[in-house]
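Novice: Need a 3D model of the sequence below.
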Amino acid sequence: MSDRRRQTDRLIAALGVLVLALGAAAVWKVAHEGGLFREPESAGQRALRQVRAELGRGAEVRYIEAGIGAVSCGYAARGPGQAAVAFVSRPQRILFGDDPLPREFAETRDRYCPGFAQRPGVAAS
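Specialist: Just a heads-up that it's a prediction; the model follows:
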C-alpha cells in the first residue's frame with residue numbers, strides 16, 4: 001500500500017469520526033434543549049411569552065380564556081397600573097387589539113374566540 005493511499009484512508013476515517021461526533025452533538029442538543037424531552041408549552045405560558053416579547057419583560061397577562069384549538073384570548077398590560085389591551089394568541093403569532101390592523105384582529109378574535117370581548121346580551125356574529 002502506498003503512502004498516498006494510507007493518508008487518504010486515514011483522512012476518510014478521521015472525517016467519518018468527525019461526522020459521527022457532530023451528528024451525536026446535534027442530536028443531544030435537540031433532545032435536551034430543543035424540545036424532544038421538553039413538556040409542551042401551555043396556552044397560558046405561550047401567551048405570557050408572546051406578550052412579554054412584544055410588550056416588554058414587565059408585561060403581564062391579566063385575563064385569559066381558551067379559544068378554538070390552540071388559540072387563547074385575553075387581556076395584557078405593559079405592567080402594573082398600565083392600561084390593558086385585548087390579545088389573540090395563536091401558536092406562531094399574537095395579535096393585539098391596538099395593532100395597526102384592527103380588522104385582522106377583530107376577524108381573528110371572532111373566528112377563534114367567539115363571544116370574547118362582547119357586551120352581555122350581544123350575540124357573536
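Novice: is it true that residue 82 lies in a strand?
Specialist: No - the secondary structure assignment for residue 82 gives coil rather than a strand, going by DSSP: H, G, I helix; E, B strand; the rest coil.
Novice: Burial check on residue 8, number of neighbours?
Specialist: Close neighbours of residue 8, defined as other CB atoms under 10 Å, add up to 11. (C-beta placed from N, C-alpha, C; glycine too.)
Novice: Next one: it relative to residue 71, how far apart?
Specialist: From residue 8 across to residue 71, the span is 58 Å (CB to CB, to the nearest Å).
Novice: just residue 103 next, same as before
Specialist: From residue 103 over to residue 71 the distance is 18 Å, taken as CB to CB.
Novice: So what pairs up with residue 66 in the strands?
Specialist: residue 72 (DSSP bridges).
Novice: count of neighbours near it?
Specialist: Neighbours around residue 66, by other CB under 10 Å: 14.
Novice: pretty sure it contacts residue 44?
Specialist: No - counting by CB atoms under 8 Å, residue 66 does not reach residue 44; the two are 9.5 Å apart.
Novice: For those two, list the residues in contact with both.
Specialist: Both residue 66 and residue 44 are in contact with residue 72, where contact means CB atoms under 8 Å, 6 or more residues apart in numbering.
Novice: hmm, back to that, neighbour-wise, which of residue 103 and residue 71 wins?
Specialist: residue 71 (18 against 8).
Novice: and the nearest residue to the more buried one once chain neighbours are set aside, backbone torsions?
Specialist: Spatial nearest neighbour of residue 71, excluding adjacent residues (CB to CB, 6 or more residues apart in numbering): residue 112 at 4.0 Å. Backbone torsions for residue 112, taken as degrees, to the nearest 10, come to phi -100, psi -20.
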